[in-house]
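1. Starting from these lines, generate the structure:
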Amino acid sequence: MKNQNIIILTKNLSISTIKYGYHNINIMISNKRPSIADIFSKKNYFLIRKDIKKDLGALLHLINICRKRWSVTSELKRLIFSKERTIYKLIMQSPEINAIYGSQFNSDLLNKTSFHTIRLIDKNKFNLYLYILYIISKIKLFQDLNTKSIICMNTTNLTFIKMLINLYPKSAIYVRFIDCFDSGYINLSGLKKLQDFASNKPNIHIESYSLYDAINHQIKYIPNTINVDKIINQNNPQYKFNENKAFFLGVVNKERFNTLVQLANILFSAKVKINFYFVLNNLSSSQINSIKQININFKYDAIKVIQYISYIEYIKLLNDNNNIIVDFYRFSTNEGYSFRIPEGIIFNKKIITNREIIQKESFYTPKNILFVKEDSNKNIIIDNRELEQFLQNFNATYSKRDLDLFNFNTYLASHGIE
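-> Modelled structure (predicted):
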């Protein structure tokens with residue numbers, strides 16, 4: 001789909017509109033009611049979050065009547081009936097993740113790749129429309145023999161995988177999981193069926209971003225990666241530092257909020273400057289008071305509250321003289337890494353994390369990476385001697401082997417995309 005605007009409508013936004021994009025698709029997150037002209041524009045399609053549906057009223061019906069709703073159905077139809085003849089396809093579960101991946105592609109690869117947003121995390125529900133399209137996909141008229149590689153995220157839907165095999169018989173299909181299996185987002189019974197199905201299908205490959213899940217479920221482990229060359233060329237990062245300054249930016253739930261506040265106090269006592277950005281949709285009064293009190297005690301804005309920003313804006317904040325990057329888990333100590341770990345290694349930053357699995361990695365060393373333990377009440381535990389050793393040098397160094405492990409271009413090449 002060329003030159004399209006995907007407008008994500010949601011109330012959970014502190015400003016009216018955020019814009020970012022990839023290739024020929026622009027993504028806009030907005031809390032404003034669209035105008036009639038917006039709806040009738042040929043370029044605009046709308047992805048509507050549940051929190052804003054009631055507020056749209058008659059506009060929601062108009063969007064549906066005009067077939068301007070960006071949905072799983074529209075994207076499934078696009079897979080079969082589109083005239084795009086790209087040789088690579090990325091199928092993600094949200095436009096935002098598509099944008100993160102798309103922004104890392106080099107320009108020559110963008111012209112060879114089509115991006116799709118198809119969320120198929122269904123709990124064994126029968127999808128009649130998907131099944132009809134699966135039957136249609138058996139018609140050879142719709143086959144695409146040019147596509148070489150397909151990467152699809154977080155799906156265990158066998159009907160969908162079989163449809164891809166019908167449509168792209170010469171393509172390798174990589175099913176990648178970017179959420180941990182105990183998060184509730186992955187259909188575990190569906191995963192077992194997918195593994196059994198793929199066991200005699202050499203063109204289907206299953207991988208996880210989590211080392212823990214990969215070991216336990218006997219699938220390939222590949223961590224999240226980023227385009228090293230592109231990010232470095234765009235940002236001119238700083239590699240030498242003369243002070244300890246800890247950076248965090250991420251979505252914060254109640255548990256994460258409490259552990260990060262504890263960490264901020266410990267690091268401040270160790271004379272580390274705090275530069276935390278909490279991405280919060282709804283702040284409780286106690287959280288607001290905690291942040292205000294910390295900033296008063298520290299005598300500067302150690303914790304800032306922000307809403308969603310683009311990845312490019314994030315990288316600029318990360319490289320603002322921060323020598324330490326903080327990466328705390330969302331669900332489990334054994335979940336896979338976010339992009340924070342590869343960013344830390346690529347930009348020679350020290351890392352503070354409570355992800356237990358990191359201690360099994362070849363790049364783990366206490367002088368570069370401080371592992372934070374937790375007790376049964378989610379209180380963090382940091383050994384004073386380990387913290388002192390960690391803070392002795394401002395700069396971290398990692399090997400080329402470590403860089404290659406998290407290099408997006410290396411990942412693409414291993415999946416036949418180059």
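2. just the helices in the stretch 201-350 of the chain please.
-> Under the criterion DSSP state H, counting those that start in this stretch, helices of the stretch 201-350 of the chain are mapped to 211-217, 228-235, 254-269, 285-298, 311-318, 340-346.
3. For stretch 261-281, list every residue counted as buried.
-> 261-268, 272-278, 280 (16 or more other Cβ atoms under 10 Å). C-beta coordinates here come from the backbone N, C-alpha and C atoms, glycine included.
4. what does it contact?
-> 12, 243-252, 257, 260, 287, 290-291, 294, 297-298, 302-308, 317, 320, 322, 324, 326, 328, 352, 372, 379-380, 382, 387-388, 391 (Cβ atoms under 8 Å, 6 or more residues apart in numbering).
5. how far out from the middle of the chain is that stretch?
-> Its chain's C-alpha centre and that of stretch 261-281 lie 23 Å apart, by Cα atoms, centre = their mean, to the nearest Å.
6. Repeat that for stretch 210-230.
-> Computed by Cα atoms, centre = their mean, the chain-centroid distance of stretch 210-230 equals 13 Å.
7. same check, this time on stretch 94-112
-> Remark: stretch 94-112 is offset 13 Å from the chain centroid, using Cα atoms, centre = their mean.
8. Look at that stretch and report the distance between its end residues.
-> In stretch 94-112, first residue to last residue: 21 Å (Cα to Cα, to the nearest Å).
9. Just the mean pLDDT for it, thanks.
-> Here stretch 94-112 scores 76 as its mean pLDDT.
10. In TSV, list the helices of the stretch 201-350 of the chain along with mean pLDDT and distance to residue 189.
-> As requested, the helices of the stretch 201-350 of the chain are exported to TSV (pLDDT from 0 to 100; distance: least, Cβ to Cβ, whole Å):
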stretch	mean pLDDT	distance to residue 189
helix 211-217	91	13
helix 228-235	73	38
helix 254-269	92	28
helix 285-298	93	38
helix 311-318	84	34
helix 340-346	90	30
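11. re the thing from before, what remains of the contacts of stretch 261-281 if I keep only buried residues?
-> Applying a neighbour-count criterion of 16+ other Cβ under 10 Å, the buried members of the contacts of stretch 261-281 are 244-250, 252, 257, 260, 287, 290-291, 294, 302-303, 305, 308, 322, 324, 326, 328, 352, 372, 380, 382, 387, 391.
12. Tell me which two of the buried residues of stretch 261-281 sit farthest apart.
-> Largest separation among the buried residues of stretch 261-281 by Cβ to Cβ: 272 and 280, giving 22.8 Å.
13. ok so, going back, point out the most buried one among the helices of the stretch 201-350 of the chain.
-> Highest mean neighbour count among these (mean count of other Cβ atoms under 10 Å): helix 340-346, with a mean of 24.
14. Extract the C-alpha set from that one and format it as PDB.
-> Coordinates of the C-alpha atoms in helix 340-346 are reproduced here as PDB (Å, rounded to 0.1, in the frame of the first residue of the first chain):
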ATOM      1  CA  ARG A 340      17.900  -0.800  25.400                       C
ATOM      2  CA  ILE A 341      20.400  -3.600  25.700                       C
ATOM      3  CA  PRO A 342      21.700  -3.400  22.100                       C
ATOM      4  CA  GLU A 343      21.600   0.400  22.200                       C
ATOM      5  CA  GLY A 344      23.800   0.200  25.300                       C
ATOM      6  CA  ILE A 345      26.300  -2.100  23.600                       C
ATOM      7  CA  ILE A 346      26.400  -0.200  20.400                       C
END
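15. and it, what does it pack onto?
-> helix 228-235, strand 324-327, strand 350-353, helix 400-405 (3 or more Cβ pairs under 8 Å, 6 or more residues apart in numbering; DSSP states H and E).
16. quick one: the most centrally placed residue in the chain from residue 5, how far?
-> Closest residue to the average C-alpha location of the chain: residue 97 at 5.2 Å, with Cα atoms, centre = their mean. From residue 97 across to residue 5, the span is 18 Å (Cβ to Cβ, to the nearest Å).
17. in the stretch 151-300 of the chain, what spans have low per-residue confidence?
-> 234-239, 281-282 (pLDDT under 70).
18. mind listing what's buried in the host helix or strand of residue 54?
-> For residue 54, the host element (DSSP states H and E) is helix 53-56. Buried positions in helix 53-56, judged by neighbour count with 16+ other Cβ under 10 Å: residue 56.
19. centre of the chain versus it, how much separation?
-> Counting by Cα atoms, centre = their mean, helix 53-56 comes out at 27 Å from the chain centroid.
20. mind listing what's buried in the helix or strand that that helix is followed by?
-> Next along the chain after helix 53-56, taking DSSP H and E as the criterion, comes helix 58-65. Residues 59-60, 63 are the ones in helix 58-65 that count as buried (16+ other Cβ under 10 Å).
21. now stretch 161-176
-> Buried residues in stretch 161-176 (16+ other Cβ under 10 Å): 161, 163-168, 171-176.
22. re earlier: show me what the helix holding residue 54 is packed up against.
-> The contact analysis (3+ Cβ pairs under 8 Å, 6+ apart) places helix 53-56 against no helix or strand.
23. Could you grab the helix/strand/coil label for residue 47?
-> Here residue 47 is recorded as strand under DSSP: H, G, I helix; E, B strand; the rest coil.
24. Return the distance of the nearest residue to it once chain neighbours are set aside relative to residue 317.
-> The shortest distance from residue 47 to any non-neighbouring residue, by Cβ to Cβ, 6 or more residues apart in numbering, is to residue 70 (4.3 Å). In this structure, residue 70 and residue 317 are 29 Å apart, going by Cβ to Cβ.
25. Can you give me the distance of residue 153 to residue 10?
-> Residue 153 is 21 Å from residue 10, by Cβ to Cβ.
26. more crowded one of those two?
-> Neighbours were counted for residue 153 and for residue 10 using other Cβ atoms under 10 Å; residue 153 has more, 24 against 16.
27. and that one, backbone torsions?
-> Here is the backbone geometry of residue 153 (degrees, to the nearest 10): phi -110, psi 140.
28. For it, give the beta-bridge partners.
-> On the basis of DSSP bridges, residue 153 is bridged to residue 176.
29. picking that back up, which other residues reach the helix holding residue 54?
-> Outside helix 53-56, the residues touching it (Cβ under 8 Å, 6+ apart) are 9, 11, 33, 48, 60, 63.
30. Kindly report the domain assignment for the protein.
-> Using automatic domain parsing, the domain ranges for the chain come out as 1-69, 71-222, 229-404.
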